[in-house]
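Enquirer: here you go, sequence then predicted model.
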Amino acid sequence: MNDPSLDKTKPLAAGATLAVLTSGGDAPGMNAALRTVTKIGLARGLRIWGVRHGYRGLLDGDGVELHHRDVDQIIRYGGTLLGSARELRFRTEEGRALAQRRIVEQGIDGVVVVGGDGSLTGARVLAGLQASDGARLRVVGVPASIDNDVGCSSLSIGVDTAMNTIVEAIDKIADTARAHERVFIVEVMGRDCGYLAMVSGIASSADVVLYRERGLSHDELLAQVESAARRAYADGSGKRMVLIVKAEGVSLPAEAIKRHLDARLRPDVPNVETRVTVLGHLVRGGAPTAMDRLVASRLANAAVLAAAEGYTDVMAAWRPPTGERSPWDPDVALFGLEEVLAETAAIRDGTSAVSRKRVALLQGVEAVLSL
Ligand code: F6P
């Protein structure tokens with residue numbers, strides 16, 4: 001790799017310790033990443049230290065040495081072998097000083113951080129610390145979040161499984177919606193990012209997808225759902241059911257949409273009923289899809305090799321729109337964490353070109369959605 005903007009320090013020596021942690025909201029496929037970090041790391045002659053419960057475990061010195069047998073079968077399972085947590089202590093000066101002490105105490109020379117926005121923010125802090133061998137700590141991030149809001153990576157670990165889980169759930173909801181000729185509002189996770197709602201809305205043939213990035217007011221959102229419902233229940237439409245997928249980030253509560261539809265539709269469409277299903281944490285669990293296993297394994301492979309070569313303050317990204325591809329995998333590129341976090345913030349507030357493309361894609365298919 002010739003990118004001079006990427007940070008590099010001394011390569012890891014044989015026998016050096018590479019720590020790995022999963023942090024923030026768990027995502028299906030994290031275990032595949034842990035498996036690869038362990039197996040590739042061991043094959044490179046490194047010692048692999050699994051930190052329990054993310055940054056909390058790093059600060060508490062809670063971890064376990066990982067061997068081949070520990071990770072043999074875990075690719076099949078959701079969640080994370082190491083556990084996860086959202087740890088705020090790490091953001092303080094005392095937290096950073098404690099982390100530095102633990103790193104030296106435990107002989108850690110590099111860390112692979114598997115997680116989303118908060119975890120990668122923590123990874124930046126780690127990259128400012130010193131490794132036990134006196135060089136800078138090698139810190140490489142691997143994007144994992146069902147929200148698909150991590151900048152510079154077209155996909156994060158967990159997104160594909162979450163999308164499939166949502167589509168499976170909506171297919172089931174569609175059966176009962178059809179039977180009762182009802183309107184269903186299905187709310188899906190994603191924090192501020194509408195990606196999961198958008199893609200699962202298309203894949204499940206929803207009538208309306210509500211997401212934050214388009215910047216519609218509550219009144220405009222209500223008008224959108226009301227008009228789709230009126231079309232569905234109009235004489236001769238032959239449809240008489242409506243599926244609305246709502247992103248968690250839309251601040252208009254699903255129950256308020258239901259109340260609006262009940263009040264506005266009932267006088268014209270007697271007996272029509274609206275139900276709300278919030279899928280919540282269901283979307284985060286389950287066995288990872290083959291795609292998530294593959295993306296996680298390949299990102300983690302590149303992350304270990306990057307750490308071994310001495311890269312730090314970077315993240316391995318999956319099929320980014322720009323950036324020089326890594327020598328280890330033609331679909332993976334390294335990006336500096338500063339750039340990743342700036343782009344993540346832009347995706348979350350909807351100003352990124354990526355968000356605009358996603359909105360354009362949805363608007364392009366909207367006419368088809370609600371026919
Ligand atoms: O970031 C992943 C995510 O599942 C979001 O979609 C959701 O808003 C949040 O985490 C829920 O967090 P918690 O599990 O802490 O309630």
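Expert: Everything's here; your move.
Enquirer: which parts of the stretch 1-150 of the chain are helices?
Expert: Along the stretch 1-150 of the chain, counting by DSSP state H, counting those that start in this stretch, helices occupy 30-43, 54-60, 68-71, 93-105, 117-126.
Enquirer: would you turn those into a markdown table with mean neighbour count?
Expert: Any C-beta I mention is one placed from the backbone N, CA and C, and that applies to glycine too. A markdown table is the format used below for those (neighbours: other C-beta atoms under 10 Å):
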| stretch | mean neighbour count |
| --- | --- |
| helix 30-43 | 25 |
| helix 54-60 | 23 |
| helix 68-71 | 14 |
| helix 93-105 | 15 |
| helix 117-126 | 23 |
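Enquirer: any idea how far residue 210 is from residue 48?
Expert: Using C-beta to C-beta, to the nearest Å, one gets 44 Å for the distance from residue 48 to residue 210.
Enquirer: hmm, who's touching the worst-scoring helix or strand of the chain on mean pLDDT?
Expert: When the helices and strands of the chain are scored by mean pLDDT, DSSP states H and E, helix 353-369 comes last with a mean of 86. For helix 353-369, the surrounding residues in contact (C-beta atoms under 8 Å, 6 or more residues apart in numbering) are 151, 194-195, 198, 201-202, 205-209, 211, 213-214, 321, 343, 346-347, 350.
Enquirer: mind listing what's buried in that helix?
Expert: Residues of helix 353-369 classed as buried by neighbour count (16 or more other C-beta atoms under 10 Å): 354-355, 358-359, 362, 366, 369.
Enquirer: same thing with stretch 229-237?
Expert: 229-230, 232-233.
Enquirer: need the max-distance pair from those residues.
Expert: Pairwise distances across the buried residues of stretch 229-237 peak at 7.4 Å for 230 and 232 (criterion: C-beta to C-beta).
Enquirer: where do the contact lists of these two overlap?
Expert: In contact with both residue 230 and residue 232: no residue, using C-beta under 8 Å, 6+ apart.
Enquirer: in this structure, which residue is closest to the centre?
Expert: Nearest residue to the geometric centre of the chain (C-alpha atoms, centre = their mean): residue 145, 1.8 Å.
Enquirer: close enough to count as contact, that one and residue 120?
Expert: No. Using C-beta atoms under 8 Å, residue 145 makes no contact with residue 120, being 9.4 Å away.
Enquirer: quick check on the residue in the stretch 251-371 of the chain positioned nearest to the ligand: phi, psi?
Expert: Taking C-beta to the nearest ligand atom, the ligand has its nearest neighbour within the stretch 251-371 of the chain at residue 284, 5.2 Å off. Here is the backbone geometry of residue 284 (degrees, to the nearest 10): phi -90, psi -10.
Enquirer: give me the number of residues near whichever residue of the stretch 151-300 of the chain sits closest to the ligand?
Expert: Closest residue of the stretch 151-300 of the chain to the ligand, C-beta to the nearest ligand atom: residue 189 (3.4 Å). Close neighbours of residue 189, defined as other C-beta atoms under 10 Å, add up to 22.
Enquirer: and the residue of the stretch 1-150 of the chain at minimum distance from the ligand, what pLDDT?
Expert: Residue nearest to the ligand within the stretch 1-150 of the chain: residue 25 (3.2 Å; C-beta to the nearest ligand atom). Residue 25 is assigned 97 on the pLDDT scale.
Enquirer: ok, it - contacts?
Expert: Going by C-beta under 8 Å, 6+ apart, the list of residues near residue 25 reads 84, 86, 116, 145-147, 284.
Enquirer: ok, residue 274 next?
Expert: If you count contacts by C-beta under 8 Å, 6+ apart, residue 274 has them with 182-185, 257-258, 261-262, 265.
Enquirer: of the residues you listed, which is the most crowded?
Expert: residue 183 leads those on contacts (other C-beta under 10 Å) with 29 neighbours.
Enquirer: wait, that residue touches residue 226, no?
Expert: No. The pair residue 183 / residue 226 is not scored as a contact, 10.2 Å apart, by C-beta under 8 Å.
Enquirer: between the two, which contacts overlap?
Expert: Contacts common to residue 183 and residue 226, judged by C-beta under 8 Å, 6+ apart, are 261, 265.
Enquirer: hmm, back to that, let me have the buried residues of stretch 229-237 in JSON lines, adding distance to the ligand, secondary structure and pLDDT as columns.
Expert: Listed next are those as JSON lines, based on distance: C-beta to the nearest ligand atom, whole Å; DSSP: H, G, I helix; E, B strand; the rest coil; pLDDT from 0 to 100:
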{"residue": "229", "distance to the ligand": "27", "secondary structure": "helix", "pLDDT": "96"}
{"residue": "230", "distance to the ligand": "31", "secondary structure": "helix", "pLDDT": "96"}
{"residue": "232", "distance to the ligand": "29", "secondary structure": "helix", "pLDDT": "95"}
{"residue": "233", "distance to the ligand": "32", "secondary structure": "helix", "pLDDT": "95"}
